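J.: Mind folding the following:
(one chain, ligands or ions: 2)
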Amino acid sequence: KDIGYYSAIVRVERLLLAERKMVGKVKQYISQGGQVTGDLRSYVDSYDDSWLHPPRDDPLHFAHHPVGAYLLIKRLSQKHMKGVFQQAQDLIEKPNILVELPDKEDLEMSAFALVRLQLVYNLDINSLVQGQVVMTVTSPQSAVPQHIAVTGMEPTLTLDLSDTMFIGDVACRQNDSESGILWYNFNLASADGLNSRVKALSRIASAHSKLKQHEKAFAIYREALELDPDNQILYADYDDAMRLAALGGTAADEAPAKLKASLAKSRHLCRLDVLQNVAPRRGLKCRYVRDSPDLYISPAKMEVLHRKNPRLVMYHDVISQNEARTFRSTGFPKFRRTLALDGKGRVYIDIYSVSESGSIRDKEDSFIGKMSRRVGHLTGLSTGPPHTEPMMVFNFGLGGAIQHHKDYMAEAHKYQTALDGNRMITFLIYLNEVEAGGAVVFPDLDLITPAVQNAALMIENLNKSGDNLPRSQHAGCPVLIGSKWTAIKYIREFGNEFKRPCGLTPDE
Ligand SMILES: O=C(O)CCC(=O)C(=O)O
Ligand SMILES: [Fe+2]
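T.: Residues are numbered from 1 along each chain as shown. Ligands and ions are numbered 1, 2, ... in the order given. The predicted structure follows:
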């Protein structure tokens, strides 16, 4: 599937609105004495009315909250919902509310988004099941972990034991058994009877077995068998685990070690960003630049974040609120799942990098052409033909992020860059404000760049001699609350030989 509800939050927003509209209309119809089928009736009756009245400052709040988005997708991915929506549509005729409903993959991947967010931000699962986003922070100074609330409690956004069990199962299926155990442990701690206790234990044991922690797995199977000595399935599972251990491993490969290690590189910066923003943001240091004649009338406000190797500059107010909106609506119809590029120049889906994006050439759209030229004016570089990449517009998905990477093409697939030269400069424009998460971080520089609406981040990927700057590697932190939109213009080397000539020394 190349689009999905989990891979762009804007789709969840639209789903939320479609559902809200449908429920409102049906309730009105019923209150006027209209008759509806049982399915439709029980659906609107069980719809939580507080979802009809979101907080005034964020009408899309339930799509912007990770638990809200998960619950919405869960509710509407149930098989009978298609029929329910069809019935509602027949009653109402106009306006058209029928939308493509989420499917099993959307549900699975929105559960996995919760796994990722929990992992990256060290979220407290006991709080998350009550709709509260709370980070667990362990500091060297104190033995007791501290809890820092990012959002308040939300009684309408609660997860039950079947949700946490499902989320644990999804984590294990996506080869993150360590996270799976955390979620199952919640079930174990909240088990209210023998059956649920045994069920949680057997899931935990099987996860340990997958992680090749065989002794631990055996001990937990034995604990479960003591509670439920006649459970034949448990015996069979225990047997399987012993056979696997004897064979020296498991059939399924616990693969994400590499992915998780790469995640760990930027994780502490992502956590720090959210923690800093719980406290008031620090003041910014700006200066005005007039590097190009086009900027004499309206100079750009420029903030140097890193002087060299690589040079990183934040330009403030490069677009207006209206232009940000036009960017978003121009990009959306072209959206497809963003693919990652491996070291050999092949594309693949990275389950830890979730966004959708679309690319638009300057010639295709006059607004985009105008924005490209503005990027040219701001950077003093050529963004026009013949050597240019189309503008890219992104919206991140649930827990959407981008794993750390370098924007230039490495040696291995230089052939891809032969026509236009390598990606010399990345110009990243923030099209909205993200409530929590979504910062761009530079692990080698220990630097967090905040997402500031209408501002742009300029990243130098190559030095003036065209050498790669590996310290430019960066990651986009997972979106914790809100929705993240960006536009990116990658500026190539060719066509800019005279605008950005070699420096006086090779390392400039
Ligand atoms: O938007 C972000 O957070 C970073 C995106 C990025 O680095 C890229 O697409 O090259
Ligand atoms: Fe990048």
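J.: now the strands for the stretch 201-350 of the chain?
T.: Under the criterion DSSP state E, counting those that start in this stretch, strands of the stretch 201-350 of the chain are mapped to 287-289, 300-306, 312-316, 336-337, 340-341, 347-348.
J.: nearest to ligand 1, of those strands?
T.: Ligand 1 lies closest, by C-beta to the nearest ligand atom, to one member of the strands of the stretch 201-350 of the chain: strand 340-341, at 9.8 Å. Placement of C-beta: from N, CA and C, glycine included.
J.: What strands line up against that closest one, and which way round?
T.: Note on strand 340-341: by DSSP bridges, its sheet partners are strand 347-348 (antiparallel).
J.: tell me which residues in the next helix or strand after the strand it pairs with are buried?
T.: The element immediately downstream of strand 347-348 (helix or strand, assigned by DSSP states H and E) is strand 355-360. Judged by neighbour count (16 or more other C-beta atoms under 10 Å), strand 355-360 contains these buried residues: 355-358, 360.
J.: Check stretch 420-431 too.
T.: Neighbour-count burial for stretch 420-431 flags 420-431 (criterion: 16+ other C-beta under 10 Å).
J.: Keep only those residues that also lie close to ligand 1.
T.: Leu428 (C-beta under 6 Å from any ligand atom).
J.: near ligand 1, which residues of the stretch 51-200 of the chain?
T.: By C-beta under 6 Å from any ligand atom, no part of the stretch 51-200 of the chain sits against ligand 1.
J.: what are the ranges of the strands in the stretch 51-200 of the chain?
T.: Under DSSP E, counting those that start in this stretch, the stretch 51-200 of the chain gives strands at 134-137, 146-149.
J.: quick revisit: and the buried residues of stretch 420-431, which is closest to Gly4?
T.: Nearest to Gly4 among the buried residues of stretch 420-431: Leu431, at 20.7 Å, using C-beta to C-beta.
J.: give me the beta-bridge partners of the residue nearest to that closest one when sequence neighbours are not counted?
T.: Distances taken as C-beta to C-beta, 6 or more residues apart in numbering put Trp485 closest to Leu431, at 3.8 Å, once the chain neighbours are dropped. Beta bridges link Trp485 to Asn395 when assigned by DSSP bridges.
J.: same thing with Val440?
T.: For Val440, the beta-bridge partners under DSSP bridges are Thr449, Gly476.
J.: That one touches Ala455, doesn't it?
T.: No. With contact defined as C-beta atoms under 8 Å, Val440 does not reach Ala455; the gap is 11.4 Å.
J.: So the two - more neighbours on which side?
T.: Ranked by neighbour count (other C-beta atoms under 10 Å), Val440 and Ala455 place Val440 first, with 24 against 20.
J.: Return the distance of the closest residue to Val150 other than its chain neighbours relative to Leu17.
T.: Distances taken as C-beta to C-beta, 6+ apart place Val133 nearest to Val150, at 4.3 Å, with adjacent residues excluded. Look at Val133 and Leu17: by C-beta to C-beta, to the nearest Å, they are 23 Å apart.
J.: quick one on the thing from earlier: count of residues packed around the residue nearest to Val150?
T.: Val133 - counted by other C-beta under 10 Å - has 26 other residues nearby.
J.: so it makes contact with Gly482?
T.: No. Counting by C-beta under 8 Å, Val133 does not reach Gly482; the two are 11.4 Å apart.
J.: shared neighbours of those two, anything?
T.: Residues touching both Val133 and Gly482 by C-beta atoms under 8 Å, 6 or more residues apart in numbering: Ala436.
J.: Could you measure from Tyr348 over to Thr426?
T.: For Tyr348 relative to Thr426 (C-beta to C-beta), the value is 21 Å.
J.: Pick the most buried one from the strands of the stretch 51-200 of the chain.
T.: With neighbours defined as mean count of other C-beta atoms under 10 Å, these peak in mean count at strand 134-137, which reaches a mean of 18.
J.: residues making contact with it?
T.: By C-beta under 8 Å, 6+ apart, the residues outside strand 134-137 that reach it are 121-124, 127-128, 145-150, 271, 274-275.
J.: Tell me how far stretch 22-31 lies from the chain's centre.
T.: Relative to its chain's centre, stretch 22-31 lies at 34 Å (C-alpha atoms, centre = their mean, to the nearest Å).
J.: again, but for stretch 447-461
T.: Relative to its parent chain, stretch 447-461 has a centroid offset of 18 Å by C-alpha atoms, centre = their mean.
J.: Same question for stretch 464-482.
T.: Relative to its chain's centre, stretch 464-482 lies at 16 Å (C-alpha atoms, centre = their mean).
J.: May I have the residues that are in contact with the one residue in the stretch 401-508 of the chain that gets nearest to ligand 1?
T.: Residue nearest to ligand 1 within the stretch 401-508 of the chain (C-beta to the nearest ligand atom): Gly476, separated by 2.5 Å. Going by C-beta under 8 Å, 6+ apart, Gly476 touches 396, 400-402, 438-440, 484.
J.: what residue lies at the spatial centre of this structure?
T.: Nearest to the geometric centre of the chain sits Gly400, at 0.8 Å (C-alpha atoms, centre = their mean).
J.: Now for the nearest residue to it once chain neighbours are set aside: which residues touch it?
T.: Closest residue to Gly400 in three dimensions, ignoring its sequence neighbours and counting by C-beta to C-beta, 6+ apart: Val354, at 4.3 Å. Counting by C-beta under 8 Å, 6+ apart, Val354 makes contact with 6-7, 109, 113, 396-401.
J.: and with 6 Å instead?
T.: Shown in contact with Val354 (C-beta atoms under 6 Å, 6 or more residues apart in numbering): 7, 397, 400.
J.: Quick check: beta-bridge partners of Lys489?
T.: Going by DSSP bridges, Lys489 forms beta bridges with Phe427.
J.: ok, it touching Val375?
T.: Yes. Checked against C-beta atoms under 6 Å, the pair Lys489 and Val375 is within contact range at 4.8 Å.
J.: These two: which is more packed in?
T.: More crowded of Lys489 and Val375, by other C-beta under 10 Å: Lys489, with 25 against 22.
J.: Now do the same contact list for the more buried one.
T.: Neighbouring residues of Lys489 by C-beta under 6 Å, 6+ apart: 375, 391, 427.
J.: repeat for Asn461
T.: By C-beta under 6 Å, 6+ apart, the neighbours of Asn461 are 407-408, 423, 472.
J.: how about 8 Å then?
T.: In this structure, Asn461 makes contact with 310, 406-408, 422-426, 468-469, 472, judged by C-beta under 8 Å, 6+ apart.
J.: where's the nearest residue to it once chain neighbours are set aside, which helix or strand?
T.: Nearest residue to Asn461, sequence neighbours excluded (C-beta to C-beta, 6+ apart): Tyr408, at 4.3 Å. Counting by DSSP H and E, no helix or strand carries Tyr408.
J.: What distance do you get for Tyr408 to Thr449?
T.: Going from Tyr408 to Thr449 by C-beta to C-beta gives 18 Å.
J.: Phi first, then psi, for Ile402.
T.: phi -140, psi 130 (degrees, to the nearest 10).
J.: and it, how many neighbours does it have?
T.: Ile402: 22 neighbours (other C-beta under 10 Å).
J.: For it, which non-adjacent residue is closest in space?
T.: Ile402 sits nearest to Gly476 (C-beta to C-beta, 6+ apart), 3.9 Å away.
J.: Report how many residues lie close to the nearest residue to Asp273 once chain neighbours are set aside.
T.: For Asp273, ignoring the flanking residues on the chain, the nearest one in space by C-beta to C-beta, 6+ apart is Ala439 at 4.0 Å. Other residues lying near Ala439 total 26 when counted by other C-beta under 10 Å.
J.: Going forward, the N-terminal residue is numbered 572.
T.: I'll keep to 572 as the first residue from here, and by that count the last item is Ala1010.
J.: where does Ala1010 land on pLDDT?
T.: In this model, Ala1010 is scored at 94, pLDDT.
J.: Could you pull up the residues touching it?
T.: 840-841, 844, 1019-1022, 1047-1048.
J.: Since that was my last question, I'll sign off now.
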